[in-house]
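Trainee: model this:
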Amino acid sequence: MTFGLPALAFPRAGLPYNQMKPRVLLLLIALVPGCGGDSGTGPAGVTSIEIEAAPALAVFMVNDSAYGSVIGRDRSGNVHFVGPVTWRSTNPSLFSVDSIGLIIGKAAGSAILIATVGELADSLPVTVAGTRHRWPIVVSETWSLAGSPHLVDGRLDVARASGGTAILTIEAGVTVVFTDTSGLTFGMNGAGLLRAMGTPGAPIILRDTATTAIPGAWVGLTFRGRDSSELHNVTLRGCGHSRLDNDAGCLVLGHYIFGPFPTVRLDNVTVERGAGGAVIVSRQSHFAAGSSGLTVRNMRGHIATLPAREAVAFPTASTFSANDTTEVRLLGDTLRDTASWRPAIPWVVMGPVYVEGARQPVLTIPAGITLPFDFGASFVVGKNFPGELRVGSDGG
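Mentor: Predicted structure coming up:
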């Protein structure tokens, strides 16, 4: 006679290890005289065993976890619960398994999961591919091409509270996938910065989980603190989910109220199929010198919002196409240094721009620009200190 037990429930793959509370069940198989039973090499007439694993083992990543279990079958194919089970991984450096069947992904690669009950055994190939990230990054680390794709689950901080800087380095060719409402924030609670080191032949792709990007599916990259980050040959897709810490945008530099403020270098960066602003620059945040090659296309929103003083540092050789609103919005500001606004950029003045200061700044608006002004926006020249405004040219 075989006594039935309820099916074991396994936590889904990906549950953080320290949140798992496994329940150890002592399974006793009682052989009652007079009940009969098949003879065999395994317990209670069981002739073979079979590993059952959570479905998520089919897509198993570094830092994922899942439980395995074993069932037995007699000669007639009837299912029996068996135990105790001895578990083994043929390569514990790729994935480990403990005495109760908890499997944890360690590194990319393939190995065999083996379960033994008495003299019976079964095996299951397990492939670990990709890396899941769900915890704050408090020390420097590198997201490698070998560990790609990298999956971000949640809004993760990259910051070291004391004693150095947490640097996230992303190698060329890496794909980073963001689950809904996920994102990365640099320097929020300490020193933290990004080095995204793509190349023209091996760009870095940051995208949402959909096959075709969904505007606003994930939050984007947020830069806080006073550190300098750099993005080389990077494409962002599907970013711009609404946020409480600033206006919706894919690349957000600084905070509209609180400092300190970062500097970010953009080198051949593409933002596409996002929502809100492709780039939001707040207060004293800056584009790093040499920024160039910003491409913005198919945005459900506008190109950028930035203080008027940052217009001179806006990435050169930038291109824009098929956006809902073709605007680079210049917020009210005071220009204390001489500047000329490039005619190839679709500037829109959103507030009063003062041109004045001890260095007697001159603002030049070259011929060929059409310059819209929002309600209440203006140029105020030389109100408190010397300043000049030069618009157009003879015949221009």
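
Trainee: Residue 365 and residue 225: what is the separation?
Mentor: 34 Å (C-beta to C-beta, to the nearest Å). (Each C-beta comes from the backbone N, C-alpha and C, glycine too.)

Trainee: Those two: who's more crowded?
Mentor: Set side by side, residue 365 and residue 225 give different neighbour counts by other C-beta atoms under 10 Å, the larger being at residue 225 (23 against 18).

Trainee: The more buried one: what's it in contact with?
Mentor: 159, 186-188, 190-193, 260, 262 (C-beta atoms under 8 Å, 6 or more residues apart in numbering).

Trainee: how about the nearest residue to residue 299 once chain neighbours are set aside, phi and psi?
Mentor: Residue nearest to residue 299 in three dimensions, not counting chain neighbours: residue 323, with 4.3 Å by C-beta to C-beta, 6 or more residues apart in numbering. Here is the backbone geometry of residue 323 (degrees, to the nearest 10): phi -90, psi 150.

Trainee: quick one on the thing from earlier: and the contacts of residue 225, which are buried?
Mentor: By the neighbour-count criterion of 16 or more other C-beta atoms under 10 Å, these include these buried positions: 159, 186-188, 190-193, 262.

Trainee: From the residues you listed, pick the one nearest residue 229.
Mentor: Nearest to residue 229 among the buried ones among the contacts of residue 225: residue 193, at 4.5 Å, using C-beta to C-beta.

Trainee: now the helix or strand where that closest one lies, how far from the centre of its chain.
Mentor: For residue 193, the element it lies in under DSSP states H and E is strand 192-197. When distances are taken as C-alpha atoms, centre = their mean, to the nearest Å, strand 192-197 is centred 13 Å away from the chain's centroid.

Trainee: After that strand, which helix or strand is next?
Mentor: Taking DSSP H and E as the definition, the helix or strand right after strand 192-197 is strand 204-208.

Trainee: Switch the buried ones among the contacts of residue 225 over to CSV; also include distance to residue 288 and pLDDT.
Mentor: What follows is those, written out as CSV (distance: C-beta to C-beta, whole Å; pLDDT from 0 to 100):
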residue, distance to residue 288, pLDDT
159, 20, 97
186, 14, 97
187, 15, 95
188, 20, 91
190, 21, 94
191, 17, 96
192, 17, 97
193, 12, 98
262, 10, 97
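
Trainee: ok, the residue nearest to residue 299 - contacts?
Mentor: Contacts of residue 323 by C-beta under 8 Å, 6+ apart are 296-299, 301-303.

Trainee: Try it again at 7 Å.
Mentor: Under the criterion of C-beta atoms under 7 Å, 6 or more residues apart in numbering, the neighbours of residue 323 are 296-299, 302-303.

Trainee: cool, and residue 348?
Mentor: Contact analysis of residue 348 by C-beta under 7 Å, 6+ apart lists 327-330, 372, 374.

Trainee: tell me the average confidence for the one helix or strand it maps to?
Mentor: With elements delineated by DSSP H and E, residue 348 resides in strand 347-349, which encompasses its position. Taken as a whole, strand 347-349 carries a mean pLDDT of 98.

Trainee: next structured bit after that strand?
Mentor: Moving toward the C-terminus from strand 347-349, the first helix or strand encountered (DSSP H and E) is strand 352-355.

Trainee: Residues in contact with that following strand: which ones?
Mentor: 308, 330, 332-335, 361, 363, 377-381, 383, 387, 389.

Trainee: Direction included, what does it pair up with?
Mentor: Paired neighbours of strand 352-355 in the sheet (DSSP bridges): strand 333-335 (parallel), strand 378-381 (parallel).

Trainee: so how far is residue 385 from residue 360?
Mentor: To residue 385, residue 360 is 8 Å away according to C-beta to C-beta.

Trainee: sorry, that was for residue 260
Mentor: For residue 260 relative to residue 385 (C-beta to C-beta), the value is 27 Å.

Trainee: ok, which stretches of the chain are helices?
Mentor: Counting by DSSP state H, the chain has no helices to list.

Trainee: Spatially, which two of the contacts of residue 348 are the most separated?
Mentor: With C-beta to C-beta as the measure, no two of the contacts of residue 348 lie farther apart than 328 and 374, at 12.8 Å.
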